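Engineer: Predicted structure and sequence below. I'll ask about it afterward.
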Amino acid sequence: MSALPYRMYTSAQVKAIEAAWAADHNGHCFDLMEKAGAALADAVARSLPRASSCWVFAGRGNNGGDGYEAAALLLRRGFAVRLFAAGEPHPRTEAATAAEFFRAQGGVAEGALPKESDLRPDAIIDALLGTGISSAPRAPLSEWIAFINRSRVPVFSADVPSGLTADTGAVPGDCVSAYATVCMLALKPGLFTGEAADYTGKVLFDPLGADAQALHAKQEDGLPAIVRQGYADIIPDLPSRPRCCNKGDNGKVLIIAGAFGMGGAAAIAGTGALRAGAGLVKLATAPATIAAANAVHPELMTVDFNDDTAVEAALSWCDTVAVGPGLGQSQRARELVALSGDSGRPCVFDADALNILAKDPDFCPNRIITPHPGEAARLLDTDVASVQGDRLRAAFELQKRYGGVALLKGAGTVIADGRRLTVISSGSPALASGGMGDLLTGIIAALACGELSLSQAAVFGACIHGRAGELAEERCGAAGTLPLDLEQDIRRLVNGRA
C-alpha cells in the first residue's frame, strides 16, 4: 500500500484514466484487475495476520472482477474461501476472465446468500458495487449489503464501500460499513466527505503501478481539480516566527461578534485567533459581553460595537476582520457586516454574517465564507439535502456565486477557491458541539493576517481545527468536548507539534 495521494479523481475521470491505460496495454485493463485483486488479498492478510478464512461478495461488473481475483489469490495462499456471486459477470468482459481464473483455482461461485447460522469467516471482501452508482442499491443487492453488515466481521471494500457514491460521499440507501476500504488506481473524493466517514473505515490506497496524474487528460466535467489535505500535509508550510519579531508583526485581528446573550461566540472566536498566533486581537462586541470576554482571556482588547467611531478605527487598525459569530440579524448587525465588507481588509464571514449575506448577496474576492450545510443552503437558495448530496458541487457553487474562498463545514470540509477543491481529511465528531465554528473562524482570521493566501488560511485553519478535534477524541472520546478544550492543541498544532 502507498501513502494517500494529494490529487483525487471523479468516476468519469477514472474511466478516462482506465481508457488511457488500456490504449497503452493492448486495449484492456485486465492487468489492473489482477493487481487490484492482489491489493485486496494483501490488505486482508496484512491487516489480519491470523486470518485463515474469507468470504467474498462479488457483483457482475469490474468491481466483482477484483473480488474474483482476490478470492483466487487467497485460495492459493491456503485460505478457506467462499465466494457469493450476485449474478454471473457480463460475458467477454475482464470480470468474466477473472471468474474463470477463480474457478481454475478450484473456486466455486455460490449464487445465494449463506445461511444466518453458517460459521462466520475471519474476513469479508465487499466487491459488489463499484464507483458508478448514484442511487440506492436495489434488491437483491440491498439485502446482500444488509447481510454483510449483520455479519460483524471485518469487511474490506474494493475501491468504495458498496452503496457509497464515489464522487460525493452520499449514501442514498443501504451501504456496506467497512473495516477498511482499499481504494485503487486513483483516490476518489467521496471517501473523504459527506457520510463517508461512517462507512469507509481506514482508507488504504494502491496505485496498481499506474500514474493516474500522468494518464489523466483534462476532462471538462464542470469542476476544477480536487485535492486532499490533512494536518500532516501542511506541517512543512506552516508559518514560522523570526526571532526578532514583535506582537505587531504577528497579525492584528478584529472580531465583530457577540450580541447580547451570545457573548460566548465572541470570546471563543477571540480565543481561536489568539491561540492560532495573532499578535493582537480586538473584539467589537456588545457592552454586556465585554467583561465576560475579558474574564475568558484578558489579552482580548474590546470596543463597543455600537460605537461607529470605535468600530471604524478598529477596522483601520486590523489586518484581518472576522464578522458574524453570535452577531444576530438586527439592523446594527447588518450595518456591521456592511462596514466589514467595505473596509478593504481580508474578511472572514461566519454565522449571522452569512445569514445576512444570503439576504443581500454580493461578490467579494477578498473574503472567506465558512457556512455549515444549513447556512450554505440559504446562501444557495436550496435545501440541506441538496448541499449534503453533493458537497463538492455546493462548495464550488458557493465560491462561484460569492467570490473569494468558500469553506463548507461538516464531515469532510470542502474548500473552494476558484482554482481547486480541497477536501480536508482531518476531523472528528468531537467537533460537533456549539461554538466550534466560532473557534475555526478565529483560527482562520489569525492565519490570514500573515504570509498565507486566503485559500491557504482556510485550508490550514481547517486542518488544524480538524486535527485538534482528533486529539481531543483520542484523549477523552468524541462526546462532551467544548471549544476551549482545544486551546492548547491549537497552540501546539500551529507550531507544527502534533
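Structural biologist: Okay, I see it.
Engineer: How is the chain divided into domains?
Structural biologist: 7-221, 234-494 (automatic domain parsing).
Engineer: Which one, of those domains, ends up nearest to Met1?
Structural biologist: Met1 lies closest to domain 7-221 among the domains of the chain, at 4.9 Å (CB to CB). Heads up, the C-betas are built off the backbone N, CA and C, glycines and all.
Engineer: quick check, Gly169 in a strand?
Structural biologist: No: assessed with DSSP: H, G, I helix; E, B strand; the rest coil, Gly169 is coil; it does not lie in a strand.
Engineer: Verify the stated contact: it with Gly389.
Structural biologist: No: counting by CB atoms under 8 Å, Gly389 is not a contact partner of Gly169; they are 9.4 Å apart.
Engineer: got any residues that touch both of those two?
Structural biologist: Listed as contacting both Gly169 and Gly389 by CB atoms under 8 Å, 6 or more residues apart in numbering are Gly194.
Engineer: Name the residue in those two with the higher neighbour count.
Structural biologist: The residue with more neighbours, out of Gly169 and Gly389, is Gly169; 30 against 18, by other CB atoms under 10 Å.
Engineer: what sits against the more buried one?
Structural biologist: By CB under 8 Å, 6+ apart, Gly169 lies in contact with 189-196, 391, 412.
Engineer: do the same with Pro287
Structural biologist: 304, 306.
Engineer: Can you read off the pLDDT for it?
Structural biologist: Per-residue pLDDT puts Pro287 at 95.
Engineer: Please tell me how far it sits from Asn306.
Structural biologist: Per CB to CB, to the nearest Å, Pro287 is found 7 Å from Asn306.
Engineer: Name the residues that touch the helix or strand containing Ile415?
Structural biologist: Element membership for Ile415, per DSSP states H and E: strand 414-416. The contact list for strand 414-416 (CB under 8 Å, 6+ apart) reads 193, 224, 391-392, 394-396, 398-400, 405-408, 421-424, 455, 458-459, 462.
Engineer: Paired strands for that strand, with orientation please.
Structural biologist: Sheet pairing for strand 414-416, assigned by DSSP bridges, gives strand 405-408 (antiparallel), strand 420-424 (antiparallel).
Engineer: coming back round to it: so which of the contacts of Gly169 is the most crowded?
Structural biologist: Using other CB under 10 Å as the neighbour criterion, Thr193 leads these with 30 neighbours.
Engineer: Any figure for the gap between that one and Ser330?
Structural biologist: From Thr193 over to Ser330 (counting by CB to CB), the distance is 35 Å.
Engineer: now swap in Tyr68 and tell me
Structural biologist: Distance, Tyr68 to Ser330, using CB to CB: 64 Å.
Engineer: again with Ala478
Structural biologist: Ala478 is 35 Å from Ser330, by CB to CB.
Engineer: same question, Ala462
Structural biologist: For Ala462, the distance to Ser330 equals 30 Å [CB to CB].
Engineer: Then Leu4?
Structural biologist: 46 Å.
Engineer: Tell me which of those two has more neighbours.
Structural biologist: A count of neighbours by other CB under 10 Å puts Leu4 above the other of Leu4 and Ser330, at 18 against 13.
Engineer: Can you check my assumption that Ala478 lies in a strand?
Structural biologist: No: counting by three-state DSSP, Ala478 is not found in a strand; it is coil.
Engineer: Kindly give the local confidence score, pLDDT, for it.
Structural biologist: If you check Ala478, the pLDDT there is 93.
Engineer: Numbering from 55 from now on, please.
Structural biologist: Yes, from this point I'll number from 55; that puts the last item at Ala532.
Engineer: And the nearest residue to it once chain neighbours are set aside, how close does it get to Asp85?
Structural biologist: Nearest non-adjacent residue to Ala532, counting by CB to CB, 6 or more residues apart in numbering: Pro483, 4.3 Å away. The spacing between Pro483 and Asp85, counted by CB to CB, is 40 Å.
Engineer: Check Ile187 too.
Structural biologist: For Ile187, the distance to Asp85 equals 25 Å [CB to CB].
Engineer: what about the two, which has more around it?
Structural biologist: Taking other CB under 10 Å, Ile187 and Asp85 do not tie; Ile187 has more neighbours (23 against 16).
Engineer: got a list of what the nearest residue in space to the more buried one that is not next to it in sequence touches?
Structural biologist: Using CB to CB, 6+ apart and skipping residues adjacent in sequence, the residue nearest Ile187 is Thr219, 6.3 Å away. Contacts for Thr219 (CB under 8 Å, 6+ apart) come out as 187-188, 225-226, 244, 248.
Engineer: so can I have CSV of those residues showing pLDDT and distance to His79?
Structural biologist: Below are those laid out as CSV (pLDDT from 0 to 100; distance: CB to CB, whole Å):
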residue, pLDDT, distance to His79
Ile187, 82, 26
Ser188, 81, 29
Val225, 95, 34
Pro226, 93, 34
Gly244, 96, 27
Gly248, 93, 34
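Engineer: wait, which of those is closest to Asn203?
Structural biologist: Among those, and counting by CB to CB, the member closest to Asn203 is Val225, at 12.3 Å.
Engineer: Surely the closest one touches Ser216?
Structural biologist: No: checked against CB under 8 Å, the pair Val225 and Ser216 is beyond contact range at 10.6 Å.
Engineer: tell me the secondary structure for the residue nearest the centre of the chain?
Structural biologist: Nearest to the mean C-alpha position of the chain, by CA atoms, centre = their mean, lies Gly466 at 2.0 Å. Here Gly466 takes the coil state, with states given by three-state DSSP.
Engineer: Spatially nearest residue to it (excluding sequence neighbours)?
Structural biologist: In space, and not counting its chain neighbours, Gly466 is closest to Thr247: 2.8 Å by CB to CB, 6+ apart.
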